Each structure stands twice: as structure tokens, then as C-alpha cells.
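# sequence unknown, structure follows:
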Ligand code: GLN
């Protein structure tokens, strides 16, 4: 039962082959048995899950239907869940029970999804390896000595290990697509403003976006359908109609124009990944796509720009964690300043502190123009590159990451080495564009992802291309040994 996809679960529930309660029990038992190896959950919500499953079964018995009605999922632990710990992977929020549900959580619950728990993540979503979590590193089910990627590493590892069919993630600079690539999943970062950020604990507000992680594009379509849509509570949410993503999966790729940026194939890319990416292009050509070399000339500036803008916004967003209103408070503060300093010094881990310092520096008087303003100008140039490219092509294709999953601890002493792994993903966040990563093969037994980018609000096009690719390849069906 644990091998079923969301689409198969929906059919099985509709055909009364099993109930949501039965399925939920199977998966909870599987999590209890296997997750100690992976550490992919921070909190399990068994009681809530069983109650939601029973409700979903009752709704189905009353004639209701829906692809998510009774479907088990989990939420990255930065989506606020009412009355349930919402830690953001941090000691700072270890004791925080959210007073309300995030819009994404509420929408999925209303659609009948069953929440099995809250998944592990890099602290405040800062990282690419899920090693900065206060709750410990997550292991990659494909090789337990390797990282699963981050920051949505818990969601990715859990879905890849078949502990559940799908989970939510968030992507500020790649945190859905990169762990998807490193664990052989399909993950989609929607257009900025497509999915409500209300109740999503902010890292970098102008870049953050929630989205689905699942095994197939078909399942990402189902989960995204439940997440997307205008939310008046989020001032950056965009009031655009949400198309029927599942209905669009079978469009023909005849004549689809794929752009492959020449800058993607630089020295930093593992040549074996480059070969797999070109093999995926050949596969899409067989389906009727035409391929064209394009250029994204400002791509080389993306990492420095992102690692100014994201920390700058983080330093502002994280100023609310002061030991006064909620979250961690130090013992016996001597005075107010001591309370602030020690609460933040003890509550935040080293990567978060590093980013707050970099961000505060970049925003400070005298440095603002040189760093923050400059980075914003680069951001615009990067967006302009994409706009020019999308005049010529329908999607942009390339690797999701330059390397497969690295060994646990391998990049711990050198944060910049980890930042460089984000080279292919962060441009979509800087430009606000939708992006998807899908399985494209293996290197040394570790999964490799191919990334597709599309113009604003063309999530449906990404899902269509990925679904057609998955109808003709079987990379996404491979299961890690032992799971
Ligand atoms: N790895 C990037 C960072 O550390 C992206 C993280 C994310 O998308 N949340 O900032």
C-alpha cells in the first residue's frame, strides 16, 4: 500500500479497495518502523491523522469525492498548524504551538487531506542539506551516509522512502527542487504569489513560495491544486484563476520549444549529470519538442545577489524572535538587553546567526547601496534575461544541481561550498518564476534531477512536460533499497 501514488490512492479510495483510516494506519506504522533511520519527521500527529482519516471516509460514504479526500500528506514544519508544534527546525520555536493554521494547511485540510506529521527541515529553511536543523540531520534514503538536500529535506526523504505519497515544502532558493533532485522526486516551486504565504514562517519574503513534493508530476498536480489560489490574507498573493492542473497533463509536446542555456554547462557541473540532462533532452525531442541553445548572461551573478537579498530579508524577518513574545527565552536574564542577546544567541543555530549578521551588515547605513541595492539591480537583470529567453522558447531545461547528494558533514566547515550548489535553482526565485525538478537518472547510485522553468503562471506547462516525460521513462518509479 505504501507504494501507491496520490492518484492511485484516490482511485483506490473511490473504488472502496481500502479506507483512508486503513491506509493511514499502514503509513503511521511504516513511519514508526523506518523513520528512526532517516529522521525525516519532527512531530507526528497520529491522533489528528486518524481523526481526519475517519472524517474523510465518512465524507466519501456520503457521496463526496475529490483527489485529496482521505490522502495522507505531511507538512514542512514551517507551515503553522493550529495547536501543534511549529518549530521551523529551530530551538527558537521548539516550544511554539501555532495559534492558527497556515492557508495552505487549512486549504488541504478542507480538501480532505490527512496530516501525518510535520517534517524536518533546515533551521528557518536556511540550507541545502538539512543539516542545520535543531532536530538533527535527515538522511538520504538512497544512501544513509548522504544528505537528502534541503531545506525541505524531511519532506523529501519521507516521500522518497515511501513513508507517505506526498508532502508540502517551501522554496526560497531551491528548497523544493533541490531535495527533490537529490532523492529522486518531482518537486514544484510555483510562481511567486501563486500559493499563499500566510502562516508560512518567513525566511526571505520576496522569494519564499510553498509547493508540492511527490513522486510524479501527476501527484504534484493534485497537491498543487489543493494549495494554489488567491488569499486576501497574503498581500503578495495574486488573484489569477487556478487552472485544472490534472486536466492539462496530457497535452502534446509537438513543437514545444525547449531552451538550454549555454551557461549551465560550465566547469562546475558534474559531466555525468550533463550527460543525463542531454539524454532527457533527447527523450523530449522524441515526443516532438524542438531544442535551441539560449543564453542567460547574468546567471553568474545570481549566487552573490541571492546571498545578499535572502539574508537581508531574513535579518529583518527574524528580528521578531526576541525572547519576549513567543519562542525561546533564556534563563534568568539580567536586563532587557541580556534577554534579547542571550535568547537569540542561544535560540538560533550558527547558520541562522551567520545569515542575520550578513543581512544586517548588507542593510546597514553606508553599505546598503553597495550590497543590497546592487543585488536588487542584478535581480532585475536576471529577470530580464528570462523574459528575453521566453520570447524564444516555451520552457528552459537544465540540471537542478551541479552534483549529486554529498556526504553528511562534507560541506559543514565551508558554507560557501554549500551556497554554490544552489546555482541552478536560485535564479527562478530571484525572478519569481515557476520551476520543477524531476528524476532524470543516477550517478553512483544517487539520483539526478532535471529542472524545467516556465513563464509566470505556467505551472501547468511544467507539469504537462514532466508528466509526458514520466510516461516514457521510469526513473521516477525507482525505489531506494531498504524502503
Ligand atoms: N539553499 C538555499 C539557502 O540556503 C535555499 C533555501 C531555501 O530555498 N529555503 O538559502
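Cool, got the structure. Model, not experiment: these values are computed from the prediction.
# beta partners of residue 442?
Bridge pairing for residue 442 (DSSP bridges) gives the partners residue 447.
# residue contacts, it?
Shown in contact with residue 442 (Cβ atoms under 8 Å, 6 or more residues apart in numbering): 448, 475, 478. To be clear about C-beta, it is placed using only N, CA and C from the backbone, and glycine gets the same treatment.
# Now tabulate those residues in TSV and tack on pLDDT.
Formatted as TSV, these follow (pLDDT from 0 to 100):
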residue	pLDDT
448	98
475	98
478	98
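# any chance of those residues in a markdown table, plus distance to residue 289?
Rendered in a markdown table, the data for the contacts of residue 442 read as follows (distance: Cβ to Cβ, whole Å):
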| residue | distance to residue 289 |
| --- | --- |
| 448 | 20 |
| 475 | 18 |
| 478 | 24 |
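# Can you tell me which of these is nearest residue 212?
residue 475 (18.3 Å; Cβ to Cβ).
# Quick check: closest non-adjacent residue to the closest one.
Excluding the flanking residues, the one nearest residue 475 by Cβ to Cβ, 6 or more residues apart in numbering is residue 439, at 3.9 Å.
# Which of the contacts of residue 442 ranks first by neighbour count?
Ranked by neighbour count (other Cβ atoms under 10 Å), the contacts of residue 442 have residue 448 at the top, with 28 neighbours.
# so that one touches residue 403, yeah?
No - between residue 448 and residue 403 there is no contact under Cβ atoms under 8 Å: 9.3 Å.
# got the buried residues for the helix or strand in which the residue nearest to residue 475 is found?
Taking DSSP states H and E as the criterion, the element that holds residue 439 is strand 435-443. Going by neighbour count (16 or more other Cβ atoms under 10 Å), the buried part of strand 435-443 is 435-443.
# cool, stretch 72-85 as well?
72-82, 84-85.
# I'd guess residue 43 is in a strand, am I close?
Yes - secondary structure of residue 43, determined by DSSP: H, G, I helix; E, B strand; the rest coil: located in a strand.
# which residues are contacting the longest helix anywhere in the chain?
For the chain, the helix with the greatest residue count under DSSP state H is helix 20-38. Surrounding helix 20-38, the residues in contact under the criterion Cβ under 8 Å, 6+ apart are 1-2, 4, 9, 12-13, 41, 44, 46, 49-50, 53-54, 56-57, 60, 69-72, 114, 116-117, 138-139, 141, 144, 148, 157-158, 161-164, 483.
# Which ones among those map onto helices?
9, 12-13, 46, 49-50, 53-54, 56-57, 60, 157-158.
# picking up where we left off before, in strands only, show me the buried residues of stretch 72-85.
Cross-referencing the buried residues of stretch 72-85 with the strands (criterion: DSSP state E) gives 72-76 as the overlap.
# between the residues you listed, which is nearest the ligand?
residue 76 (9.7 Å; Cβ to the nearest ligand atom).
# Run through the bridge partners of the closest one.
Counting by DSSP bridges, the residues bridging with residue 76 are residue 119.
# That one touches residue 157, doesn't it?
No - with contact defined as Cβ under 8 Å, residue 76 does not count as touching residue 157 (11.9 Å).
# roughly how far is the strand holding residue 439 from the heart of the chain?
In terms of Cα atoms, centre = their mean, to the nearest Å, the centre of strand 435-443 is found 14 Å from the chain centre.
# Distance check, the residue nearest the centre of the chain against the ligand.
Centrality entry for the chain: nearest residue to the mean C-alpha point is residue 176, 2.1 Å, by Cα atoms, centre = their mean. Residue 176 sits 7 Å away from the ligand, going by Cβ to the nearest ligand atom, to the nearest Å.
# isn't that residue right up against residue 211?
Yes - Residue 176 sits in contact with residue 211 when judged by Cβ under 8 Å, with a separation of 5.0 Å.
# Mind listing the shared neighbours of these two?
Both residue 176 and residue 211 are in contact with 169-170, 187-189, where contact means Cβ under 8 Å, 6+ apart.
# helix, strand or coil for the closest residue to the ligand within the stretch 201-350 of the chain?
Per Cβ to the nearest ligand atom, the residue of the stretch 201-350 of the chain with the smallest distance to the ligand is residue 310, at 5.2 Å. Secondary structure of residue 310, reduced to three states by three-state DSSP: helix.
# burial count for it?
Neighbours of residue 310 under the rule other Cβ under 10 Å: 28.
# quick one: it from residue 318, how far?
When Cβ to Cβ, to the nearest Å is the yardstick, residue 310 and residue 318 sit 12 Å from each other.
# Ok, residue 386 next?
Here residue 386 is placed at a distance of 29 Å from residue 318 (Cβ to Cβ).
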